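1. Fold the following, please.
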Amino acid sequence: LALSMFARSLRATSRALRQASAVGVARASVLGACQVRLLSTSVPHMSTSKHEFKAETRQLLDIVASSLYSDKEVFIRELISNASDALEKLRYMQTSGAAVKETSKEMGIYITLDKEHKTFIIEDTGIGMTKEDLIDNLGTIARSGSKAFIAKMKASQGAGAEQAKDAIIGQFGVGFYAGFMVGKDIQVYSQSHNPETAAHVWKSEGTGEYEIEDSPAEAPARGTRIVINLKDDALSYADPDFVRGVIKKYSNFVSFPIFVNGEQVNTVRALWTLSPNEITEDDHVAFYRHIAGAFDKPKYSLQYRTDSPLNIRSLLYVPEMQMEKLGFGRMQPGVSLYCRKVLIKAKQDKLLPEWLRFLRGVVDSEDIPLNISREFLKDSSIVGKLNKVLTNRVVRFFQDEAKQRPEKYGEFYNEYAQFFREGIITDDENKEAIMSLMLFETSATEPGKRSSLAEYIARMGDRKEIFYVCAPSRALAEASPYMEAFKESKTEVLFCYDSFDDVMMSRFTEYQGKTVVGADSGKMPSPEQTDIGRIGKLSLEEEVGLRTWLKDTLGPERVTEIKGSSRLVSSPAVVISTVTPSMQRYMKSQNRDFTALPVAMEINPGHDIIKKLYTMRNGSPDIAKLVAEQMFDNALIAAGIMDEPRTMVARLTKLLEHALDARPQKTSASGKIILPH
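-> As a prediction, this is how the structure comes out:
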């Protein structure tokens, strides 16, 4: 300490000598004054005092200034937050009737940048500090003046206390020292709001000690001015454009105007803090474009405010278009996390589930347990709680929109249904709620008209099964052999056209107490609805004989069993698998080397092909074998799981030859062959 004081005295001596030559003061008297200064850490007639930081070490100060924050630019956020708190405190003092100096002075935060002199200056017109405040708040690392102020307000319960408490940002008392990341030294000029107190300046190089001088001429009329002399590697913080960008990133929604070299930066209001009836449509458009960096208008806006189970103020938007379908790659999360209008993390991951990544907006919560640098969450479980509350609210919002404005919801659904499918597949906790947002064409609705599952269930009556069929289009769904029994029984079936619908529907074995069943599975409408009897069919004995022959002919590598079917009306056969054909199609789309699994085949004992095949297997076994193989491949094609259809070409050629040879040829009068119809 003595060495440090001696060095400072030498520097002071040099300055004094220069001043002495200008005013003619004798060198001896200056040296005498310096000797007095060496003997005392406080010189009354110069109103200067030196101090060491209380209870903290130089090492701790180095950590705060050099290692605590992940990015140097956050010092601007911290100083602006401190200035905002000072203004909030002043507003509370005015509300409570306390005497305030310079009452006509407007509240604001003023940043002045000087590239030539390498300075960053930030000034507020807030509550200011007395000498004792400077010692207590700046002289003690990790002592939060704002936290102490809030405790005092809670005790007083004065007018405006609750509002001021909610607006105070500071918690830890270390943000000010972030300035040493970019500054060689810092001077803090402050004039308290109390008219009875004098102004002071606090000075430090961040080396473990500081000094305070009384009544500097440079002090503001009220409030605090912080002057940072920038290090050579931090001169970008004297660039107005760069600093404006940092302010817009972190502090754009602070309640008070922020000026940089005379120009206001934060012109966009924090809409999520306002009442919904205070916000116009134009406000929403401007705010959405600002926070999303977009040029379109939002399709939906959702403002959500609650104090239980968490304090949440949020404003979320749905863009008019989503860009993933245009091939722009996977969208990144678009909702940023704030605490008391100060950015904690832009595009916070896991704040909402991945399937809601298309949302843009802001979530602000006072309950976020930040770490001391105010950059990361101390308790990651809070993000999970926010996720749960917000997801439930978003789902309810879309459910309400689907009921109240179905046409607009239909337009939205056309654009964003793929995200709902993803949510059903990946989000176990919310899959049933998301399923309520899906829309389907059905076998009972007109083409183009869609129903929700709730509407479908309302039409089911006493039936216990929800049936669906996956096909690329309505025409193919209706032509599917799996639909024949449902048409016959007039059972309504959901039509699923998207390639991901196969996987999505397989996620449900049950929905709201109803069994979810694929039409291409072994499950059918109840027997009483499809009982056609055996009139016009093979007898049971004949059917069993044909089934045995078919199983031997096709082989165990292709079929696991052959059985009779009561589901078929106009088709001779279908294939059934424990892994549904629709799921096999999906598995094949994900793995080119996927090999089709053996399947069961159901035959229609009343179909002409089946009845003739029963007779042909003994009389023309070669042709019967070709017909059996082609019938099996036709069933695979109908199910959409045929591996390589070109293998059928040679077989079809032989069948055509046999078909032509089997019919007598007729010739015209000119001798040309007339092919049979």
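2. tell me the mean pLDDT for the top helix by length along the chain?
-> Counting by DSSP state H, the longest helix found in the chain is helix 381-404. Mean pLDDT, helix 381-404: 94.
3. in it, what counts as buried?
-> Applying a neighbour-count criterion of 16 or more other CB atoms under 10 Å, one finds 382-383, 386-387, 389-391, 394-395, 397-399, 401-402 buried in helix 381-404. Placement of C-beta: from N, CA and C, glycine included.
4. Surely Phe632 touches Met601?
-> Yes - counting by CB atoms under 8 Å, Met601 is a contact partner of Phe632 at 6.4 Å.
5. Could you tell me which residues touch both of the two?
-> 554, 559, 573, 575 (CB atoms under 8 Å, 6 or more residues apart in numbering).
6. how many other residues sit next to Ser539?
-> Neighbour count of Ser539, defined by other CB atoms under 10 Å: 11.
7. ok, now Ser104?
-> 4.
8. mind checking the SS state of it?
-> Assigned with DSSP: H, G, I helix; E, B strand; the rest coil, Ser104 falls in the coil class.
9. For the closest residue to Lys341 other than its chain neighbours, give me the backbone phi and psi.
-> Leaving aside its sequence neighbours, Lys341 sits nearest to Phe253 (CB to CB, 6 or more residues apart in numbering; 4.3 Å). The phi/psi pair for Phe253 (degrees, to the nearest 10) reads phi -110, psi 20.
10. OK, contacts around Phe253?
-> Counting by CB under 8 Å, 6+ apart, Phe253 has contacts 266, 268-270, 338, 341-342.
11. Can you pull out the low-pLDDT segments for this structure?
-> Residues of the chain meeting the criterion pLDDT under 70: 1-46, 53-61, 63-68, 140-174, 370-380, 522, 526-535, 580-582, 662-677.
12. OK, contacts around Ser110?
-> Just to correct that, residue 110 is Tyr rather than Ser. 122-124, 259.
13. Check the gap between it and Glu218 for me.
-> According to CB to CB, to the nearest Å, Tyr110 and Glu218 sit 14 Å apart.
14. likewise Leu356?
-> Taking CB to CB, one finds Leu356 at 52 Å from Glu218.
15. between those two, which one's more packed in?
-> More crowded of Leu356 and Glu218, by other CB under 10 Å: Leu356, with 26 against 10.
16. Dump the buried residues of helix 381-404 into CSV; add distance to Ile76 as well.
-> As requested, those are exported to CSV (distance: CB to CB, whole Å):
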residue, distance to Ile76
Ile382, 26
Val383, 25
Leu386, 26
Asn387, 30
Val389, 32
Leu390, 29
Thr391, 34
Val394, 33
Val395, 38
Phe397, 36
Phe398, 39
Gln399, 43
Glu401, 40
Ala402, 45
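17. returning to that earlier point: what's whichever helix or strand comes after the longest helix of the chain packed up against?
-> Going down the chain from helix 381-404, the next helix or strand is helix 406-426, by DSSP states H and E. Packing partners of helix 406-426 (3 or more CB pairs under 8 Å, 6 or more residues apart in numbering; DSSP states H and E): strand 298-306, helix 381-404, helix 431-435, strand 439-442, helix 501-506.
18. and helix 406-426 with strand 298-306, angle?
-> Per axes from the mean of the first three to the mean of the last three CA atoms, to 10 degrees, the angle that helix 406-426 makes with strand 298-306 is 70 degrees.
19. Give me the residues contacting helix 406-426.
-> 299-300, 318, 320-322, 324-325, 353-358, 398, 401-402, 430-431, 434-435, 437-439, 450, 498, 500-501, 503-504, 507.
20. ok, of these, which come out buried?
-> The buried subset of the contacts of helix 406-426 - by 16+ other CB under 10 Å - is 299-300, 318, 322, 353, 355-358, 398, 401-402, 430-431, 434-435, 437-439, 450, 500-501, 503-504, 507.
21. Let me know the helix or strand that Thr515 is in.
-> strand 514-518.
22. If we go by neighbour counts, what in that strand is buried?
-> 514, 516-518.
23. Tell me which two in these are the farthest apart.
-> Maximum pairwise distance among these (CB to CB): 13.8 Å, between Lys514 and Gly518.
24. so what's Glu441 closest to, chain neighbours aside?
-> Nearest one to Glu441, counting by CB to CB, 6+ apart, is Phe495 at 4.6 Å.
25. out of everything not next to it in sequence, what's closest to Asp296?
-> Glu320 (4.4 Å).
26. Lys184 and Leu113, how far apart?
-> From Lys184 to Leu113 the distance is 16 Å (CB to CB).
27. Looking at these two, which is more packed in?
-> Taking Lys184 and Leu113 together and counting by other CB under 10 Å, Leu113 has the greater number of neighbours (21 against 14).
28. pretty sure that one belongs to a strand, no?
-> Yes - the assignment for Leu113 by three-state DSSP puts it in a strand.
29. Pretty sure Ala238 is one of the things it touches, is it not?
-> Yes - between Leu113 and Ala238 there is a contact at 4.7 Å, judged by CB under 8 Å.
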